[in-house]
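>>> Sequence and predicted structure are below.
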Amino acid sequence: MEKNEILKIVNDIFVDVLDNENIKLTDETTASDVEEWDSLNHIQLVVAVEKKFKIRFKSDEIRSWQNIGQMVSSIQTKL
Amino acid sequence: MFAQLKKNLKKDFSGLKQVKIAILGDSATQLLSVALRGMGYDHGFDLDIWEADFNQVERQVFDPTSELYEFAPEIIILFESAHKLVGKYNKLKPEAYSTFAEAQLARINDIVSQVDQRLTAKIIFYNFTEINDSVFGNYANKMEASFLYQLRKLNFGLMEYAVGRSNLHICDLSTIQNQVGKSVFFQPSIYVNTDMVLSIDVLPAVAQQTVSLIGAMYGKFKKCLILDLDNTTWGGIIGDDGLENIQVGGLGIGKAFTELQYWAKKLKNRGIILAVCSKNTESVAKEPFEKHPDMVLHLDDIAVFIANWENKVNNIRQIQSILNIGFDSMVFLDDNPFERNMVRENIPALTVPELPEDPAEYLEYLYTLNLFETVSFSNEDTERTKLYQVEAKRTQIQQSFTNEGDFLKSLNMQSVVEPFNKFNTPRVAQLSQRSNQFNLRTVRYTEPDIEAMGKEDDTYTFSFTLEDQFGDNGMICVVILKKETDDIAFIDTWFMSCRVLKRGMENFVLNTIANFAAEKGFAFLKGEYIPTAKNEMVKDHYKNLGFDDNGSNTFLLNARTYNNKACYIATK
């Protein structure tokens, strides 16, 4: 799957989990750019992404991402 | 789903029952707290949750000036996780392994006792989910020092410890893990990163069980199971297939239905009222109960049996009116999605499980729903079916009398009037949780409350039983009087079981307490009506009994000039 396709799906997940229609993710987006994206919601986002793509992240992956682009790369390597 | 529970948080909680809850845990509990509040909304609760900081169980409990005591919760959830339990075991010297469970129980006892001393709060303790560290292999089962042995011993010890402690309830996390499987229950990557031991997917199940317990504490629980017959209680259609061909016992997939019937029978033995609602000719529907050798359920297990060709909505309404309990305390099992939907649409308060298509899966599915939560059990529970059957018989006799007085006289009613004592305390507490309709103020008291009240000066307690020629109803009414001034005795509590309506019990009770008040030197009895969603039936209770309106839903009766009202109940 292309990265931009993955990004679009991830964007939908963020909109749904964080209940905010205005979220527009880019590769450079970080947690500090999205108001609702705190450590608790992060867990929910991770689990929702895992479910959507039917993948499991490794424990250190979950804490290693600096931005959305890295998360998307993680996803891509598992598909 | 967790996301839905979380969305509930944005809804309007006004008008819902507020309950203050403290969560003390040794793992991250923030999402559990979200799930609980969201689930509370679905069950009509506005849960006001305070979470202790991470890993502060002991500090909060043993420091009398802690935030816990300042918050003064009504319920405390103690969530010590199995993962932290392993951690504690790991740090022990090997010679201490064998006494680990014992030491933990002693520690838990210290916590519970400390809370009991300072608060009247109830405690919900999550038991420990099983972790087998596989150090001893299967030998762990016969090796006292193994972690598995100690964990199971601790869980069993908790059960023993909770027996007889009406303030402590165990929430069975271990069963939830058994039902969903450990791989669903626990997600290691999340645990390692956040110290959360519950996966997002299992949070709703944990919240559901917890809120069911809370609901039961506040009088919300199921009292009745209504069964459809064809393809629900047995396989096949009795009217078409005939007695020999319905599937129950050895025939076809009869095993599934037999096991379901045993489950219903156990519920009945526990005190859940069983009723039948079936589209059938009555005599045909009853035939298997009377004649089929493999039927587990018999007619005397069924309190109300309705089989006809009317629609089920009306029939369930009829069952409700005979039993006189709320729709929200009834569960309806039916294999037919059409019937289920029709009933659901017309009686939204009724619980109608979405049974799986395959009858083989009925029972496992029903287990996971945990429909019949309770926080108490008394011997009278087991007699309930008989009581309701007797009530049906009484109704028949009544129809043969034209004069109500003659009918009541013929019943030879007798009542035992006693203050609260250690024998009737559990039943008083249970009725206090259970009575919704005939309940003037709906102040709920627990067993410890009731015990304490027996010792208070200026509080006068009354329990009433009622028996007649058909049988003994047991304790059916409770009144608590409190001295308000030298002249006024305030009726703090008056509730009565709806089983004994229209028997003159109200008059008998008023005679008893008015005479008592006059003897004690009070000039007036003062009553109050606090409206709830369910007690409309007693809105005019005091007015009907001759009290004078005293404004703002209070009423006064002159006890000194009171003349006994007519009634046909004798003091036993």
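Arrived safely.

>>> can we go C-alpha only for contacts and neighbour counts from here?
OK.

>>> Can you name the residues of chain A that neighbour chain B?
Contact residues, chain A versus chain B (Cα under 8 Å from any Cα of the partner chain): A:17, A:40, A:43-44, A:47, A:57-59, A:62-63.

>>> Residue of the stretch 401-550 of chain B closest to chain A, please.
Using Cα to the nearest Cα, B:A533 is the residue of the stretch 401-550 of chain B that sits closest to chain A, at 33.9 Å.

>>> That residue: which element?
Using DSSP states H and E, no element contains B:A533; it sits outside every helix and strand.

>>> Then B:D240?
Using DSSP H and E, B:D240 sits in helix B:238-241.

>>> what's in contact with that helix?
B:230, B:245-246, B:280, B:284-285 (Cα atoms under 8 Å, 6 or more residues apart in numbering or on different chains).

>>> Can you flag the buried ones in those residues?
Buried subset of those (neighbour count, 16 or more other Cα atoms under 10 Å in any protein chain shown): B:230, B:246, B:280, B:285.

>>> which residues does the last one contact?
B:A285 is in contact with B:229, B:238-239, B:278, B:307, counting by Cα under 8 Å, 6+ apart.

>>> Surely A:M71 and A:F57 touch.
No: A:M71 is not in contact with A:F57 according to Cα atoms under 8 Å; the separation is 9.9 Å.

>>> Among these two, which residue is more densely surrounded?
A:M71 (21 against 17; other Cα atoms under 10 Å in any protein chain shown).

>>> Report the closest residue of chain A relative to chain B.
In chain A, the residue that lies nearest chain B is A:S59 (4.5 Å; Cα to the nearest Cα).

>>> in the worst-scoring helix or strand of chain A on mean pLDDT, what's buried?
Within chain A, no helix or strand scores below helix A:59-64, which has a mean of 87 by mean pLDDT, DSSP states H and E. Buried residues in helix A:59-64, defined by neighbour count with 16+ other Cα under 10 Å: A:I62.

>>> before we move on, what about stretch B:542-555?
Across stretch B:542-555, burial judged by 16+ other Cα under 10 Å covers B:542-543, B:547-549, B:554-555.

>>> what are the ranges of the strands in the stretch 301-450 of chain B?
For the stretch 301-450 of chain B, the strands defined by DSSP state E, counting those that start in this stretch occupy B:302-308, B:330-333, B:413-415, B:417-418.

>>> Let me have these in TSV, extended by mean neighbour count, mean pLDDT and distance to A:K52.
Shown next, in TSV, are these (neighbours: other Cα atoms under 10 Å in any protein chain shown; pLDDT from 0 to 100; distance: least, Cα to Cα, whole Å):
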stretch	mean neighbour count	mean pLDDT	distance to A:K52
strand B:302-308	22	91	48
strand B:330-333	22	97	34
strand B:413-415	21	92	65
strand B:417-418	16	93	64
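
>>> Just send those strands back as a markdown table, with distance to chain A too.
Formatted as a markdown table, the strands of the stretch 301-450 of chain B follow (distance: least, Cα to the nearest Cα, whole Å):
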| stretch | distance to chain A |
| --- | --- |
| strand B:302-308 | 46 |
| strand B:330-333 | 33 |
| strand B:413-415 | 59 |
| strand B:417-418 | 55 |
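
>>> Out of those, which is closest to B:E506?
Set against B:E506 and scored by Cα to Cα, the strands of the stretch 301-450 of chain B come closest in strand B:413-415, at 12.2 Å.

>>> one step back: can you flag which of the contacts of helix B:238-241 belong to helices?
B:284-285 (DSSP state H).

>>> what two of the contacts of helix B:238-241 are the furthest from one another?
Top of the distance list for those (Cα to Cα): B:N245 and B:N280, 16.4 Å.

>>> which ones are touching residue 78?
Going with chain A. A:K78 makes contacts with A:I55, as judged by Cα under 8 Å, 6+ apart.

>>> please go with chain B instead
When contacts are counted by Cα under 8 Å, 6+ apart, B:L78 touches B:23-25, B:57, B:123-126.

>>> which of those come close to chain A?
Within the contacts of B:L78, nothing lies near chain A by Cα under 8 Å from any Cα.

>>> For those, pick the one with the most neighbours.
In terms of neighbours by other Cα under 10 Å, the contacts of B:L78 top out with B:L24 at 26 neighbours.

>>> Can you list the buried residues in stretch B:486-497?
Residues of stretch B:486-497 classed as buried: B:487-497 (neighbour count, 16+ other Cα under 10 Å).

>>> Show the pLDDT at the residue of the stretch 351-500 of chain B found nearest chain A.
Nearest residue of the stretch 351-500 of chain B to chain A: B:T368, at 22.9 Å (Cα to the nearest Cα). With respect to pLDDT, B:T368 scores 91.

>>> again, but for B:T395
You'll see B:T395 listed with a pLDDT of 67.

>>> same deal with B:Q399?
For B:Q399, the pLDDT comes out at 61.

>>> next one: B:S497
With respect to pLDDT, B:S497 scores 87.

>>> Please name the residues that touch it.
B:431, B:435, B:438, B:476-477.

>>> now do 10 Å
Applying Cα atoms under 10 Å, 6 or more residues apart in numbering or on different chains, one finds that B:S497 lies in contact with B:324-325, B:431, B:434-439, B:473, B:475-478.

>>> How about exporting the helix holding B:D240 as CSV, limited to the C-alpha atoms?
This file holds the C-alpha atoms of helix B:238-241, laid out as CSV (Å, rounded to 0.1, in the frame of the first residue of the first chain):
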residue,chain,number,x,y,z
ILE,B,238,-44.6,-28.7,20.1
GLY,B,239,-47.8,-27.9,18.1
ASP,B,240,-46.3,-29.3,14.9
ASP,B,241,-43.7,-31.9,16.0
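
>>> in it, what's buried?
For helix B:238-241, by 16+ other Cα under 10 Å, it's B:I238.

>>> do the same with stretch B:408-425
Of all the residues in stretch B:408-425, those buried under the rule 16+ other Cα under 10 Å are B:408, B:411, B:413-415, B:417, B:420, B:424-425.

>>> One more: stretch B:227-239?
Across stretch B:227-239, burial judged by 16+ other Cα under 10 Å covers B:227-238.

>>> just how off-centre is stretch B:30-44 within its chain?
19 Å (Cα atoms, centre = their mean, to the nearest Å).

>>> so how far is the strand or helix carrying B:E467 from its chain's centroid?
For B:E467, the host element (DSSP H and E) is strand B:459-468. The chain centroid and the centroid of strand B:459-468 are separated by 22 Å, computed with Cα atoms, centre = their mean.

>>> For that strand, output the C-alpha coordinates as PDB.
The C-alpha trace of strand B:459-468 is given here as PDB (Å, rounded to 0.1, in the frame of the first residue of the first chain):
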ATOM      1  CA  THR B 459     -35.000   5.700  66.400                       C
ATOM      2  CA  TYR B 460     -37.700   3.100  66.500                       C
ATOM      3  CA  THR B 461     -37.800   0.200  64.100                       C
ATOM      4  CA  PHE B 462     -40.600  -2.000  63.000                       C
ATOM      5  CA  SER B 463     -40.700  -5.000  60.700                       C
ATOM      6  CA  PHE B 464     -43.900  -6.700  59.700                       C
ATOM      7  CA  THR B 465     -44.600 -10.200  58.400                       C
ATOM      8  CA  LEU B 466     -47.800 -11.400  56.900                       C
ATOM      9  CA  GLU B 467     -49.200 -14.900  56.700                       C
ATOM     10  CA  ASP B 468     -52.600 -16.200  55.800                       C
END
